[in-house]
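*Asks:* okay, here's the prediction I keep looking at, along with the sequence it came from:
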Amino acid sequence: MDSPVEKKAKMNNGDAMATVPANGTINGAVNGTTKAVINANGDGSRWFGHQSLQENDPEMYAIILKEKERQRKGLELIASENFPSRAVLEALGSCLQNKYCEGYPGNRYYGGTQFFDEMERLTQKRALAAFGLKEEEWGVNVQPYSGSPANFAVYTGVIGPHGRIMGLDLPDGGHLTHGFMTPKKKISATSVFFESMPYRVNQETGLIDYDALAVNARLFRPQMIIAGMSCYPRNLDYKRFKEIAAENDAYLMADMAHVSGLVAAGVVANPFEYCDIVTSTTHKTLRGPRSGIIFYRKGVRKVLKNGTEVMYDLEKPINEAVFPGLQGGPHMHAVGGVGVALLQASQPEFKQYARDVVANAQAMAAELMKRGYTICSGGTDTHLLLLDLRPLGLDGARGEFVLERVGIVLNKNTCPGDKSALKPGGLRIGTPALTSRNFKVDDFMRVVDFMDRGLKLTAEANKNCSGTLLRDFKTYVTTNSDFQSKLAALETEVESFAESFPLPGHEVL
Ligand code: DSN
């Protein structure tokens with residue numbers, strides 16, 4: 001072994017120092033600062049180019065490994081998360097990452113983009129194919145960085161500043177970008193830069209109140225209605241949405257982010273039948289990288305009474321709003337990864353995956369109800385269910401806190417009728433991620449059993465803690481040694497069960 005010849009090299013960030021040995025190994029991180037031992041051949045510009053992450057940055061590598069272990073040993077039930085395939089991750093980590101490509105295929109602001117044009121066109125073609133769309137009727141923009149920028153680009157391009165939008169209220173299952181605001185504050189930029197008015201679910205049934213939407217739309221006269229959700233377990237009635245939009249001469253936009261994989265597989269209602277614009281993220285049920293996509297209609301929008309055809313004019317405004325309006329260089333490694341995911345989503349195996357996602361969610365809902373739990377709207381048509389903890393005298397924050405401690409990861413969520421989003425009454429539970437780990441209905445029954453035991457512990461802690469505040473509850477959970485032993489025992493069972501299922505896509509890191 002070479003004797004270490006050490007030298008100090010100034011790192012790119014201007015202040016972290018790296019210590020350099022002749023053999024090129026990294027000796028590790030010290031006190032949280034980057035102190036990497038690197039090759040001292042005098043070539044400071046290239047030393048880092050060929051080392052693995054483990055060699056080059058053991059501190060970051062160690063954190064990533066810990067996260068991988070958390071994902072492997074845990075039961076991931078966050079409805080918006082998933083595990084993409086290895087092929088998707090390879091595209092994400094490829095040379096596609098290296099290039100600026102501002103503009104669109106055939107019309108870029110940078111040289112050297114010929115293969116990016118080919119790749120982006122392929123992703124666009126696959127996007128239309130995955131959803132059974134004809135090129136003459138639909139166009140697609142695959143450049144949005146994610147779902148929120150995609151939605152903002154649509155509003156910016158199609159209705160412009162202060163345009164009027166109606167979306168499902170956030171506490172009733174809508175998304176922030178559909179215009180959320182409180183009586184005191186405009187929370188989402190959608191409500192700051194556009195005028196938003198919510199529609200809601202019936203507080204008894206948990207189902208969207210389309211009649212109230214129709215009445216309010218007649219008063220508010222929206223220019224766009226958004227059919228989309230972040231936590232609504234039922235199929236959306238796109239036909240009814242379209243009727244209400246048409247009555248007000250409004251565009252109908254679907255935000256199918258949560259269900260796009262299920263739409264591609266044909267297992268939930270199809271927004272393309274009725275909507276003018278459809279946006280989505282690509283990393284939820286679609287199992288792609290974190291990115292966004294916008295579909296827009298082309299051709300005849302409507303025919304006036306005098307027979308005049310009014311054409312859609314969405315392509316140019318939407319494309320220009322994405323770039324140069326809101327974004328700079330597209331993340332082409334993500335665009336490539338989306339193309340890979342879209343090809344996968346067109347395969348029969350993916351359709352089976354999507355059917356399993358829904359069957360698993362329905363089986364979970366049925367089993368939880370059999371065990372006496374309340375499921376909002378009485379079940380699900382999709383990948384998610386909303387467990388109402390209020391009848392047990394509990395809330396989502398307490399449930400989430402205890403379940404996380406035993407390796408069951410989900411999120412607290414408002415239930416219909418909740419007065420405050422700060423103390424939501426329920427838990428949102430989704431099956432896409434564990435279905436990607438090949439969990440079948442029987443495995444989800446084990447998951448329900450673990451959850452049931454975790455929630456019984458939640459009730460126990462709630463009963464025994466010293467006060468009524470969440471803070472009192474958390475103190476009990478994190479300090480009572482008897483209780484901690486019970487949590488640890490359940491966590492061990494959860495981990496050994498979860499570990500028996502491989503984590504797709506992560507064979508390497
Ligand atoms: N944050 C996502 C969700 O969890 O539903 C939506 O963007």
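*Replies:* The structure has been received and is ready for your questions.

*Asks:* wait, is C275 part of a helix?
*Replies:* No. C275: not assigned to a helix; according to DSSP: H, G, I helix; E, B strand; the rest coil it is coil.

*Asks:* how many neighbours does P391 have?
*Replies:* Number of residues near P391 (other CB atoms under 10 Å) recorded here: 10. (Glycine included, C-beta is placed from N, CA and C.)

*Asks:* ok, what's across the strand from the closest residue to it other than its chain neighbours?
*Replies:* Computed as CB to CB, 6 or more residues apart in numbering, the closest residue to P391 that is not its neighbour in sequence is T374, at 5.1 Å. Beta bridges link T374 to D388, judged by DSSP bridges.

*Asks:* kindly report the residues of the protein close to the ligand.
*Replies:* When proximity is defined as CB under 6 Å from any ligand atom, the chain approaches the ligand at 80, 147, 175, 230.

*Asks:* all strands of the stretch 251-400 of the chain, in order?
*Replies:* Ranges of strands in the stretch 251-400 of the chain, per DSSP state E, counting those that start in this stretch, are 251-255, 277-281, 292-297, 300-303, 309-311, 374-375, 384-388.

*Asks:* in its sheet, what does the first one sit against?
*Replies:* Each strand that pairs with strand 251-255, with its direction, by DSSP bridges: strand 224-228 (parallel), strand 277-281 (parallel).

*Asks:* any idea of the mean pLDDT in it?
*Replies:* In this model, strand 251-255 has an average pLDDT of 98.

*Asks:* outside of that strand itself, list whatever touches it.
*Replies:* The contact list for strand 251-255 (CB atoms under 8 Å, 6 or more residues apart in numbering) reads 147, 151, 154, 158-159, 175, 177-178, 223-229, 236, 238, 241-242, 245, 271, 274-280.

*Asks:* go again with 6 Å.
*Replies:* Here strand 251-255 makes contact (CB atoms under 6 Å, 6 or more residues apart in numbering) with 224-228, 241-242, 245, 271, 275-279.

*Asks:* circling back to that earlier point, turn the strands of the stretch 251-400 of the chain into TSV, including mean neighbour count.
*Replies:* Shown next, in TSV, are the strands of the stretch 251-400 of the chain (neighbours: other CB atoms under 10 Å):
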stretch	mean neighbour count
strand 251-255	27
strand 277-281	28
strand 292-297	26
strand 300-303	12
strand 309-311	10
strand 374-375	18
strand 384-388	27
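
*Asks:* can those go into JSON lines with extra columns for distance to A265?
*Replies:* Shown next, in JSON lines, are the strands of the stretch 251-400 of the chain (distance: least, CB to CB, whole Å):
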{"stretch": "strand 251-255", "distance to A265": "16"}
{"stretch": "strand 277-281", "distance to A265": "14"}
{"stretch": "strand 292-297", "distance to A265": "16"}
{"stretch": "strand 300-303", "distance to A265": "29"}
{"stretch": "strand 309-311", "distance to A265": "32"}
{"stretch": "strand 374-375", "distance to A265": "23"}
{"stretch": "strand 384-388", "distance to A265": "16"}
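
*Asks:* tell me which residues touch the residue nearest the centre of the chain, please.
*Replies:* Among the residues of the chain, the one closest to the centroid is S80, at 4.1 Å (CA atoms, centre = their mean). The contact partners of S80, by CB under 6 Å, 6+ apart, come to K284.

*Asks:* gap between it and V259?
*Replies:* According to CB to CB, to the nearest Å, S80 and V259 sit 11 Å apart.
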